[in-house]
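Engineer: sequence and predicted structure below; questions after.
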Amino acid sequence: MAQYTTVNGSVALITIQNPPVNALRAAVREGLFNAIQKASSDPLVRSVVLSGQNGTFCGGADIKEFGNVSSMSGPLLVEVFALMETSMKPVVAAIEGFALGGGLELALACHYRIGHSKARVGLPEVNLGLFPGRQVIAGEALKLGLLDRVTDHNTVDTALAFAKSVEGKPLDNRRLGNRPCPPLENMDAFFEEAMKRVRSRARGASAPVVCVQAVRGAATLPFHKGMELEKVLLGTLFNSGQAQASQYCFFAERAGARWSMPSGARWDTCRALSISTAAVIGLGTMGRGITVALARAGLSVVAVETQEHQLAEAQRVVSHMLKGGGQVSYSSDLQAAAEVDLVVEAVFEDMALKEKLFKLLSSICKPGTLLATNTSTLDIDRLASCTRDPQLVVGMHFFAPAHMMRLLEVVYGPRSSPEAVATAMQLGKRMGKVSVAVGNCPGFVGNRMLKPYLEQAYFLLEEGATPELVDAALEEFGFPMGVFRMTDLSGLDVGWRIRKEEGLTGPDVPAGQPTRSRHGHRYSPLGDLMCERGRYGQKSGRGWYLYDKPGGRVARSDPWLRNFLEEYRVRNALVARPIHRQEVLERCLYAIINEGFRILDDGIAASPQNIDAIYVFGYGWPKHRGGPMFYAGQVGLARVLEGLERYHLAHPDVPHLEPSSLLRRLVASGSPPIHKWNQMVKGHRSQL
Ligand SMILES: C[C@H](O)[C@H](C)C(=O)SCCNC(=O)CCNC(=O)[C@H](O)C(C)(C)COP(=O)([O-])OP(=O)([O-])OC[C@H]1O[C@@H](n2cnc3c(N)ncnc32)[C@H](O)[C@@H]1OP(=O)([O-])[O-]
């Protein structure tokens, strides 16, 4: 856990050994503490170098130990830091890879720090619901005074030579506790401004706010008082629900890499195909973003668009986004895809068009080409049936903007081969995506859960709410955008087109169909009525809100909407009633959660962690709330069940409010913790 050797006669070299990131678990802390004591007591040792194994210094405290009392054995981190800082022999940190969180604190407890030019240092704990919170590359760290030297050569060798050069030199002014924080003019105004900005952006997250309090303490209090304040503040966060949710999220983000399929195929039993060339078919907004994402991942990409003007515009936009980098060629001829390893289709969301394209691609592309569709909801297997090799057809559902949004849903149909899934998942990782393998059903996972969410929001409007009330409740919960601001951004016409395709609205609706009922269930035509009036949202300058021009971003309340809703309620004999934020949250969030349980029970998602990763990285669910499934566990499954039963009783014609069978089974079995839920799933598949 901490290797000890002596080098050049007088330098003790201590190397942290805890792959993959040298996290400071109990055994590592113990090893470090003993090694420092050994170096201090060895008369031949005159200096110490601290390094990490495998070109990595240290990724911080071991997050897996958080909340696990038994792991608090051995010396605490602060005890290791104090032993190093008070050492009478110089301790030099050799930082390669990264020094993050407790890893950087460990380096700061040393008297000197040597960093490799490519190393990153920072305090990212705020992402875990703790604090402080940022990372910088070595050059900037040198300017900030965090590093004393930066090298392009072997960092450990440089540190060993440096240690030798400072042997016997006075250390008091090198001890962090003796180095006062440089004075800051108008300190109060600075921190008041910082706190105001953090509170407005934190959206209910407590760690960023506490971060400012801790930094203020560090800047204004004596060192040890500042450390005491930090200890108190960290204590308030460590076991808070938000810190636990953020730490859960950290692992949920990585859980997708250990994917599995109902057939039993898994991430560690399948070989991915080799992919170095790709074609993107369809160069609208999504196709352009996908082209950029693939090119940035190092693939040679041919971007194909049959409409010349669209092709020319796409070439301009993609070249600008890539800043001239990337290997991208352009063509209006589908034959350009003949020799590629992978095709990603991103044409208009129309099944007939996609079927025709897959038939063509199947006849043009070389055998073994992976055919991926970016469809957001259509049946993968129906597209596979149009090809000669259905086992090589998968969904790669990107999220707009495709070159920035981290989520990638990799959708497998019943005929998709494990190799095809492994290939898409590996490509997702190469693109820096949070990739999650999911089953094939309308909406897959994310959009399937979005549907009841939107439905509840529309129903709340019918019953007396306003877009402002609903959005304020959801944004106070932590969403970057409430559901109405979000649909104004994405475009109300997107959902309208899908509902027309599903025959829920438009000319295909049978005559005499009640306005607010479809297939015997409650239906809200509000979104359709808005689109019929050209109110698509930001793109048309008006939607649920008013914008100063088409494409405008600043939402303002629209008096027209208030009158429209009042007239709509009168026309449909609806009586507006007061609606409170708690009801908005429960009906919107419980509807999402309930669908999540159905998705788990249907085997469409392999775990609640996968669902939470999808909702956090694709739909803006706040990290400090963990994800819809984690949040359900925090609220209490019995309470969620009670809420759904109450709302379903009040709205019996809304199937999405009927509690899912899995939720009922979990509550009946005593509401087990989230990592045990899979055992209650009908077609449970081992995640071991
Ligand atoms: C006292 C102090 O005040 C406080 C209290 C703290 O110090 S709190 C802790 C502060 N430290 C952090 O916030 C850093 C968190 N980690 C990261 O940012 C990244 O991991 C990375 C370090 C930049 C590497 O990225 P990567 O892309 O090369 O690999 P990976 O895929 O992300 O991770 C590779 C594997 O390592 C695991 N892992 C990473 N960091 C870990 C950590 N700190 N503890 C435990 N496991 C960790 C991760 O789950 C994955 O496991 P598996 O999935 O393979 O089983």
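Structural biologist: Everything's here; your move.
Engineer: pLDDT wise, what is residue 416 at?
Structural biologist: Looking at residue 416, its pLDDT is 97.
Engineer: let me see the contact set for the closest residue to it other than its chain neighbours.
Structural biologist: Distance criterion CB to CB, 6 or more residues apart in numbering; nearest residue to residue 416, sequence neighbours excluded, is residue 394 at 5.1 Å. C-beta here means a position set from N, CA and C on the backbone, and glycine is covered the same way. Residue 394 makes contact with 370-373, 380, 410-413, 416, 420-421, 424, according to CB atoms under 8 Å, 6 or more residues apart in numbering.
Engineer: phi, psi for residue 653 please.
Structural biologist: Note on residue 653: its backbone torsions stand at phi -90, psi 20 [degrees, to the nearest 10].
Engineer: need the contacts of residue 394 in CSV with distance to the ligand, can you?
Structural biologist: Shown next, in CSV, are these (distance: CB to the nearest ligand atom, whole Å):
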residue, distance to the ligand
370, 24
371, 29
372, 24
373, 28
380, 27
410, 17
411, 23
412, 22
413, 27
416, 24
420, 23
421, 18
424, 19
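Engineer: out of the residues you listed, list just those in helices.
Structural biologist: Among the contacts of residue 394, the members falling in helices (DSSP state H) are 380, 420, 421, 424.
Engineer: mind listing what the second one touches?
Structural biologist: If a contact means CB under 8 Å, 6+ apart, then residue 420 has 273, 370, 391, 392, 393, 394, 412 as its contacts.
Engineer: try it again with 6 Å
Structural biologist: With contact taken as CB atoms under 6 Å, 6 or more residues apart in numbering, residue 420 is in contact with 370, 392, 394.
Engineer: what about the second one, neighbour count?
Structural biologist: The local packing of residue 392 (other CB atoms under 10 Å) involves 25 other residues.
Engineer: now it: how far from the ligand?
Structural biologist: Spatial separation of residue 392 from the ligand under the definition CB to the nearest ligand atom, to the nearest Å is 28 Å.
Engineer: give me the pLDDT for that residue.
Structural biologist: Here, the pLDDT recorded for residue 392 equals 97.
Engineer: next one: it from residue 384, what distance?
Structural biologist: To residue 384, residue 392 is 8 Å away according to CB to CB, to the nearest Å.
Engineer: same deal with the last one?
Structural biologist: Using CB to CB, one obtains 9 Å as the distance from residue 394 to residue 384.
Engineer: quick check: residue 163 touching residue 50?
Structural biologist: No: between residue 163 and residue 50 there is no contact under CB atoms under 6 Å: 9.9 Å.
Engineer: so which bits of the stretch 101-250 of the chain are right by the ligand?
Structural biologist: Among all residues of the stretch 101-250 of the chain, those adjacent to the ligand (criterion: CB under 6 Å from any ligand atom) are 101, 102, 105, 124, 125, 128, 130.
Engineer: if you set the cut-off to 8 Å instead, what comes out?
Structural biologist: Taking CB under 8 Å from any ligand atom as the contact definition, the stretch 101-250 of the chain meets the ligand at 101-103, 105, 120, 123-125, 127-128, 130, 234, 238, 250.
Engineer: what about burial for these, which qualify?
Structural biologist: 101-103, 105, 120, 123-125, 127-128, 130, 234, 250 (16 or more other CB atoms under 10 Å).
Engineer: okay, these in JSON lines with pLDDT next?
Structural biologist: Formatted as JSON lines, these follow (pLDDT from 0 to 100):
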{"residue": "101", "pLDDT": "92"}
{"residue": "102", "pLDDT": "93"}
{"residue": "103", "pLDDT": "96"}
{"residue": "105", "pLDDT": "94"}
{"residue": "120", "pLDDT": "95"}
{"residue": "123", "pLDDT": "88"}
{"residue": "124", "pLDDT": "84"}
{"residue": "125", "pLDDT": "79"}
{"residue": "127", "pLDDT": "78"}
{"residue": "128", "pLDDT": "76"}
{"residue": "130", "pLDDT": "71"}
{"residue": "234", "pLDDT": "85"}
{"residue": "250", "pLDDT": "93"}
